[in-house]
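J.: Predicted structure and sequence below. I'll ask about it afterward.
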Amino acid sequence: PVGTQVTVVQLVHLRREPRMNVHAVGDVTDRDFVFGAGMVERHPHAARNLPVQARHGVRSPRQFQREHRHAERFAVIVPVYPPQAHQMLVRQPQRVAERPQMLFDQLAAEFNPAEIALRSASEAWLASPTAENLIALQEAAAAPRQELFRRLNQAPEGTATLVSLRGDILAGLPAHPGWQVIDADLTHLFNSWFNRGFLSIERIDWRTPAIVLEKLIEYEAVHEISGWPDLRRRLQSDRRCFGFFHPALPDEPLIFIEVALTRGIASAIQPLLAVDAPVADADKADTAMFYSITNCQPGLRGVSFGNLLIKQVAQKLGEEFRRIKTFSTLSPIPGFCSWLNRQPSLAALSETVRNGGWRNDATARSALEGKLMPLCAHYLTSVLKNNEPIDPVARFHLGNGARAERLNWLADISPRGIERSAEIGRAHV
């Protein structure tokens with residue numbers, strides 16, 4: 001980009017590394033070059049006649065060799081941004097409102113595949129779909145952004161910074177749809193960097209380092225942890241908590257799941273969350289109730305861990321407790337009341353639910369149960385998007401192979417449960 005300095009960081013011999021992508025080419029004899037906007041500043045002993053592309057696209061040395069037959073060595077060029085922007089990107093993760101939008105706009109506009117090279121490779125593959133042409137097409141289609149992100153990932157705390165950056169990109173997408181190309185590249189890379197082979201599953205208990213336990217209190221998104229006594233009860237012997245960790249983020253759980261070991265399928269969450277609830281004998285439990293699963297990193301949204309974690313936790317619990325044969329969720333229905341409020345024909349009922357007077361009246365509560373439970377069943381089974389339930393929690397569990405077991409009235413009487421699902425919950429097994 002105009003005004004950006006780039007520096008030569010590596011010389012590549014064509015015969016030794018024929019597949020390496022480069023950004024510029026020339027008969028470079030040393031590394032004493034600083035590329036300015038549209039010009040080359042030379043030291044007295046620098047080489048002559050160095051051709052530089054006006055816009056830096058990624059091309060293979062063999063392509064450059066055909067155009068510059070005199071060239072024997074190739075310079076790999078890496079952009080170095082103005083110090084403030086570079087520091088902002090790599091060393092000072094901040095929210096999107098505090099980052100320079102210019103930086104994201106520049107990543108989206110100036111780091112796309114070279115159009116001419118991509119068109120040429122596409123036409124070559126269409127004319128002759130050989131393996132060699134396919135490889136050339138894949139190289140031409142790779143955005144330089146991905147190489148930039150790979151190099152940033154090698155820096156100290158680079159992985160955490162890129163995860164934070166994608167979180168900011170996602171937050172800014174509604175106002176900046178052009179940033180989708182950045183999101184797509186980061187998602188592509190994260191699906192490789194955070195695959196199951198790099199993740200470790202760990203049990204979290206009271207002996208876990210405090211820095212991780214504090215993260216549980218901070219991140220819990222389903223049922224808020226009110227403090228250390230609450231957390232301690234959730235980690236007692238009749239409870240289990242597991243998390244996925246990545247070696248580049250050792251103190252940052254990517255996702256964690258909380259389980260209660262019970263006799264039979266529980267129908268309400270409050271007894272399981274009560275700090276003063278007696279500790280049951282885990283060896284007598286026959287059911288594992290998955291009551292909370294939390295994705296901790298907004299920047300990893302869309303990189304699926306939940307299905308893997310649930311299955312691995314179920315396997316571990318089955319090995320530890322042979323009596324446990326039933327694995328069930330106690331799931332919220334976060335979209336029900338929102339859907340109810342949007343139905344003109346149900347405006348009076350929706351208003352009654354919002355007023356809340358029925359909660360302290362047993363007769364009114366019973367009457368409302370008879371109206372809301374069928375509507376909730378309809379919402380979960382018939383209100384679809386792309387032939388899938390519109391409710392995100394139902395879509396997640398059913399998509400992972402669970403089946404709906406039953407609806408539970410008074411499943412979650414917390415303010416959040418009342419606001420989102422009118423105290424109704426759902427069990428999946």
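T.: Yep, that arrived. Residues are numbered from 1 along each chain as shown.
J.: residue boundaries of the helices in the stretch 301-429 of the chain?
T.: With DSSP state H, counting those that start in this stretch as the criterion, the stretch 301-429 of the chain has helices at 306-320, 336-341, 347-355, 362-382, 392-399, 415-421.
J.: Of those helices, which is nearest Ile211?
T.: Ranking the helices of the stretch 301-429 of the chain by proximity to Ile211 (Cβ to Cβ) places helix 306-320 first, at 20.7 Å. Every residue, glycine included, has its C-beta placed from N, CA and C.
J.: now the closest one and helix 392-399, what's the angle there?
T.: Using axes from the mean of the first three to the mean of the last three Cα atoms, to 10 degrees, the inter-axis angle of helix 306-320 relative to helix 392-399 is 60 degrees.
J.: average pLDDT for helix 306-320?
T.: Across helix 306-320, the average pLDDT comes to 88.
J.: for that helix, packing partners?
T.: If contacts are counted by 3 or more Cβ pairs under 8 Å, 6 or more residues apart in numbering; DSSP states H and E, helix 306-320 sits against strand 200-203, strand 239-245, strand 255-262, strand 287-295.
J.: just checking, what packs against the shortest one?
T.: I take that to be strand 200-203. Applying 3+ Cβ pairs under 8 Å, 6+ apart, one finds that strand 200-203 contacts strand 239-245, helix 306-320.
J.: contacting residues around whichever helix or strand comes after it?
T.: Sequence-wise, the next helix or strand downstream of strand 200-203 (DSSP states H and E) is helix 210-219. By Cβ atoms under 8 Å, 6 or more residues apart in numbering, the surrounding residues in contact with helix 210-219 are 204, 206, 225, 227-228, 231, 241, 243, 251-253, 256, 294, 296.
J.: May I see the helices and strands packed on strand 200-203 arranged in TSV, with distance to Arg196 and mean neighbour count as well?
T.: Output for those, formatted as TSV (distance: least, Cβ to Cβ, whole Å; neighbours: other Cβ atoms under 10 Å):
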stretch	distance to Arg196	mean neighbour count
strand 239-245	9	22
helix 306-320	6	16
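J.: Quick check: which of those is nearest to Asp361?
T.: Comparing these against Asp361 with Cβ to Cβ, the closest turns out to be strand 239-245 (34.2 Å).
J.: How about residues contacting the closest one?
T.: Residues contacting strand 239-245 (Cβ under 8 Å, 6+ apart): 199-205, 212, 216, 233-235, 252-261, 288, 305, 308-309, 312-313, 316-317.
J.: Look up phi and psi at the residue nearest to the spatial centre of the chain.
T.: Closest residue to the average C-alpha location of the chain: Leu300 at 1.4 Å, with Cα atoms, centre = their mean. With angles defined as degrees, to the nearest 10, Leu300 sits at phi -110, psi 20.
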